[in-house]
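**Q** fold the following.
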Amino acid sequence: MLTIGVLGLQGAVREHIQSIEACGAEGKIIKRVEELESVDGLIIPGGESTTMRRLMDTYQFIDPIKAFAAQGKPIFGTCAGLIMLAKHIEDREDAHLGVLNVSVARNSFGRQVDSFEADLEVKGLDAPFTGVFIRAPHIISADDSVEIMAEYDGRIVMAKENNILGCSFHPELTDDHRLTQLFVDMVKSYKTKLAV
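**A** Below you'll find the predicted structure:
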């Protein structure tokens, strides 16, 4: 049984757990650093990136999550989670985790009142996926090593690099579990490689 953690500091944690379980994996809320050792993959949910960084500093998550990524364990960041993963953040001197070779802009689709849904063509899915955008960031640029997974209105909204996956929107706020399944499959293939 695969176990996928959801960083439980802020954001739609329960919805991510439900989506993981709908994909046949076990979901676990991660609130302490030592709990990272018990999971095969990690989801960093949405929320408010500045608050999330403060909480990650308070509970000393930054270096352990970087080490988690360096081991090759898969990480999926959604909305603010994408900002946490990015190597560069527009209007900010330093990155947070810096494990995904992209530059991001925060709140690039407007404020909370400008929230919207859009059908997205996502690489690897055979039908459009409805993205829920809430004060969403977008990827301004990506290194050649990064695979662009989805765009909306000429902006990159989903990308993957090796074991790191990030998207601008909230897949957990829909009943469509295909994106979570994509991530579960990444975790599965990581586990399979370990077993060889």
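
**Q** C-alpha only now, for contacts and for neighbours.
**A** OK.

**Q** ok, how many other residues are close to T192?
**A** In terms of burial, T192 registers 10 neighbours under the definition other Cα atoms under 10 Å.

**Q** offset the numbering so it begins at 270, please.
**A** With the count now opening at 270, the last piece we talked about shows up as T461.

**Q** secondary structure class for it?
**A** For T461, the secondary structure call by DSSP: H, G, I helix; E, B strand; the rest coil comes out as helix.

**Q** residues touching it, list them.
**A** Under the criterion of Cα atoms under 8 Å, 6 or more residues apart in numbering, T461 has no contact partners.

**Q** give me the distance between it and Y421.
**A** Counting by Cα to Cα, to the nearest Å, the gap from T461 to Y421 is 33 Å.

**Q** with L448 instead?
**A** When distance is defined by Cα to Cα, L448 is 16 Å away from Y421.

**Q** same question for D412.
**A** The spacing between D412 and Y421, counted by Cα to Cα, is 19 Å.

**Q** equivalent analysis for P406, please.
**A** When Cα to Cα is applied, the distance between P406 and Y421 equals 12 Å.

**Q** list the beta-bridge partners for G274.
**A** Beta-bridge partners for G274, by DSSP bridges, are K297, L311.

**Q** which residue is the nearest non-sequential neighbour of M455?
**A** When the adjacent residues along the chain are set aside, M455 lies closest to P343, with 6.7 Å between them (Cα to Cα, 6 or more residues apart in numbering).

**Q** okay, the most centrally placed residue in the chain: pLDDT?
**A** By Cα atoms, centre = their mean, the mean C-alpha position of the chain lies nearest to G346, the distance being 1.2 Å. G346 carries a pLDDT value of 98.

**Q** ok, it touching I312?
**A** Yes. The pair G346 / I312 is scored as a contact, 5.8 Å apart, by Cα atoms under 8 Å.

**Q** let me see the backbone angles for A411.
**A** As for A411, its main-chain torsions (degrees, to the nearest 10) stand at phi -140, psi 140.

**Q** which residues does the closest residue in space to it that isn't next to it in sequence contact?
**A** Taking Cα to Cα, 6+ apart as the measure, A411 lies nearest to V371, with 4.3 Å between them; neighbours along the chain are not counted. Listed by Cα under 8 Å, 6+ apart, the contact set of V371 reads 355-357, 408-412, 415.
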